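Novice: Fold the following for me, if possible:
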Amino acid sequence: MIRAIRVLMLFAVIPAAHAERKYLLSFSSDVLTGGTNQIGTSSYFLGSVSKGLSPFYGAYPTVNLKSVGRRSTLDVTYTFTFDRYEMETVATTLGHNFRSEFNSQLSRTLRFRMNGTFTTTPQVSTVNVLTGISLNPLGDFNYIFEPQLLDNIYKHATAGIGLDLDLGKTSFLSFSASGGLTRYDADARASFGLLSNQTRLEGSLSYNYRKSQHQTWGIKYTAYENFFRAYGNVRSHSASITYSRELSPSLHVNLAAGPSFTEKTRTQPEYFGYTASIDISKTIRTNLISLRYNHRSGDSTGYGGATDSHQAGIGFSRAIGKRVTLRVDAFASEQKQRVSSAFKQRSISGSAALSRAVGKHWQVSLGASYQDYPSDSSVIFPYPSYPGRVNRRVYLSIGYRMPEMWRVAK
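Specialist: As a prediction, this is how the structure comes out:
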């Protein structure tokens, strides 16, 4: 955590060198209560051993700092999460969530970006629903499987940088590098053998050609390597053709596809595969619909070693009048290893939230979430696998918003 705080402080110092900056500090907090079938059955995970719903409550205070200058922007957010489950055995989870993003126009032709995250917040926390973060986002790289762990035994951090260089009016180069690490408590790894401490590194280089104002073609090479404590290292390469088009002011399409190659490792042979992604977003008056699909080959999903995975998601949001907002997200995934003792694991999840603004600073929300992780009965490994579970919850939330708690220009 100390390292993450130092990184965030560094992000804040970088843009300070530019004059005439505007700073905006905002605060929000949600207090909620509801019912869930997630029960604290041990110190390792939140199980689902009840078909009924038991009471829980939580609180999620959030502080956000934005800084805008002539050539750069900085956005840093910290959220503290608290959840308490009033079961036969009371369970309490505490978590911390940092997110930061920095963008700078270094020169007329060169742009720089940097981002970082650090979290100990269990994935089951309702904060993901309240803040509009999908249970399994499909944007940049994301582990699609995250067990429902209690605090102190799950830590996840990421960091990334990128450069965009304009080669003229019609083309540009993009370079990016990122890394992430996930750590589990030793007892959790011993209880579920397919949980492994892991580190992931990725680098990519792409060339893009703007055929028109609304259409861009590109070619992209990506190399990624996963370091598993239990399975050794896995390195993969992919080359893809990318296509982006604005079919109308309200309809955007992004496509990418190409071959991939996974090198031979300790636990699996080398093989050829493919990568593919589709991202479509459509705005219809006050409605926003997004459809996404992603296939990765020879990569980590957070569970077991390197796998091939399919992911599909849909998101919908609608403003009903000036004060009411409806948001719905759904996600499905499948992952499979290519080894003699392979496993296959599938999951589906979804969330819905209906929110109404009350006055200038208050907000009331009704919501629900659902997660289904079937047991991986196909596992042949000689140690315990991850048990199947269905997680459900409904909640009522009262939120306070102060979008301009402090504003200053220097």
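Novice: Can you name every helix or strand that the biggest strand by length in the chain contacts?
Specialist: Determined from DSSP state E, the single longest strand within the chain is strand 389-409. Counting contacts by 3 or more CB pairs under 8 Å, 6 or more residues apart in numbering; DSSP states H and E, strand 389-409 packs against strand 22-36, strand 362-373. Quick note: C-beta positions are derived from backbone N, CA and C, even for glycine.
Novice: chain center to the first one, what's the gap?
Specialist: Right, the one you point to is strand 22-36. On the basis of CA atoms, centre = their mean, to the nearest Å, strand 22-36 sits 19 Å off its chain's mean C-alpha point.
Novice: got the angle for that strand vs strand 389-409?
Specialist: Strand 22-36 runs at 160 degrees relative to strand 389-409, counting by axes from the mean of the first three to the mean of the last three CA atoms, to 10 degrees.
Novice: tell me which residues in strand 22-36 are buried?
Specialist: Residues 23-30, 32, 34, 36 are the ones in strand 22-36 that count as buried (16 or more other CB atoms under 10 Å).
Novice: Could you list the paired strands of that strand along with their orientation?
Specialist: Strand 22-36 sits in its sheet next to strand 54-68 (antiparallel), strand 389-409 (antiparallel), going by DSSP bridges.
Novice: Mind listing what's buried along the helix or strand following the first one?
Specialist: So the one you mean is strand 54-68. Scanning forward in sequence from strand 54-68 by DSSP states H and E, the next helix or strand is strand 72-85. Neighbour counts over strand 72-85 (16+ other CB under 10 Å) mark 72-85 as buried.
Novice: Of those residues, which is the nearest to Ile278?
Specialist: Proximity of these to Ile278 (CB to CB) peaks at Asp75, which lies at 27.7 Å.
Novice: how close does that closest one get to Ser100?
Specialist: Separation of Asp75 from Ser100 (CB to CB, to the nearest Å) stands at 7 Å.
Novice: Let me have the buried residues of strand 72-85 in CSV, adding distance to Gln363 as columns.
Specialist: Below are the buried residues of strand 72-85 laid out as CSV (distance: CB to CB, whole Å):
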residue, distance to Gln363
Ser72, 31
Thr73, 26
Leu74, 26
Asp75, 21
Val76, 22
Thr77, 17
Tyr78, 20
Thr79, 16
Phe80, 19
Thr81, 18
Phe82, 19
Asp83, 19
Arg84, 22
Tyr85, 24
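Novice: Let me have those in TSV, extended by pLDDT.
Specialist: As requested, these are exported to TSV (pLDDT from 0 to 100):
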residue	pLDDT
Ser72	94
Thr73	95
Leu74	96
Asp75	95
Val76	95
Thr77	93
Tyr78	93
Thr79	90
Phe80	90
Thr81	85
Phe82	87
Asp83	83
Arg84	86
Tyr85	81
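Novice: So which of those is the closest to Phe261?
Specialist: Ranked by distance to Phe261 (CB to CB), the buried residues of strand 72-85 are led by Asp75 at 36.7 Å.
Novice: right, and that closest one touches Phe98 too?
Specialist: No: under the criterion of CB atoms under 8 Å, Asp75 makes no contact with Phe98, lying 11.6 Å away.
Novice: Low-confidence ranges, the stretch 101-250 of the chain, go.
Specialist: 122-140, 145-154, 185-194 (pLDDT under 70).
Novice: so where do the strands sit in it?
Specialist: For the stretch 101-250 of the chain, applying DSSP state E, counting those that start in this stretch gives strands covering 110-119, 154-166, 171-184, 198-212, 215-228, 232-248.
Novice: so what strands line up beside the last one?
Specialist: Taking DSSP bridges as the criterion, strand 232-248 forms sheet pairs with strand 215-228 (antiparallel), strand 251-262 (antiparallel).
Novice: Lys336: what's it in contact with?
Specialist: By CB atoms under 8 Å, 6 or more residues apart in numbering, the contact list for Lys336 reads 307-309, 342-345.
Novice: ok, and the closest non-adjacent residue to it?
Specialist: Nearest residue to Lys336 in three dimensions, chain neighbours excluded: Lys344, at 4.5 Å (CB to CB, 6 or more residues apart in numbering).
Novice: just checking, that neighbour touches Arg338?
Specialist: No: contact criterion CB under 8 Å: Lys344 and Arg338 do not qualify, at 10.9 Å.
Novice: element containing the spatially closest residue to Arg323 that is not a sequence neighbour, please.
Specialist: Once flanking residues are discounted, Arg323 sits nearest to Ala357: 4.4 Å by CB to CB, 6+ apart. Assigned by DSSP H and E, Ala357 falls within strand 344-358.
Novice: Report the angle between that strand and strand 389-409.
Specialist: Using the same axes, to 10 degrees: strand 344-358 against strand 389-409 is 50 degrees.
Novice: Now do strand 344-358: which elements does it pack against?
Specialist: helix 127-130, strand 324-336, strand 362-373.
Novice: Name every strand pairing with it and say which way it goes.
Specialist: Strand 344-358 is paired, per DSSP bridges, with strand 324-336 (antiparallel), strand 362-373 (antiparallel).
Novice: Check the offset of the last one from the chain's centre.
Specialist: Between the centre of strand 362-373 and the centre of its chain there are 17 Å (CA atoms, centre = their mean).
Novice: For it, what does the pLDDT average out to?
Specialist: What strand 362-373 shows for mean pLDDT is 87.
Novice: That one: which residues count as buried?
Specialist: Here strand 362-373 shows 363, 365, 367-373 as buried, counting by 16+ other CB under 10 Å.
Novice: Include distance to Gly258 when you put these into CSV, please.
Specialist: Shown next, in CSV, are these (distance: CB to CB, whole Å):
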residue, distance to Gly258
Gln363, 44
Ser365, 41
Gly367, 39
Ala368, 39
Ser369, 35
Tyr370, 34
Gln371, 32
Asp372, 32
Tyr373, 30
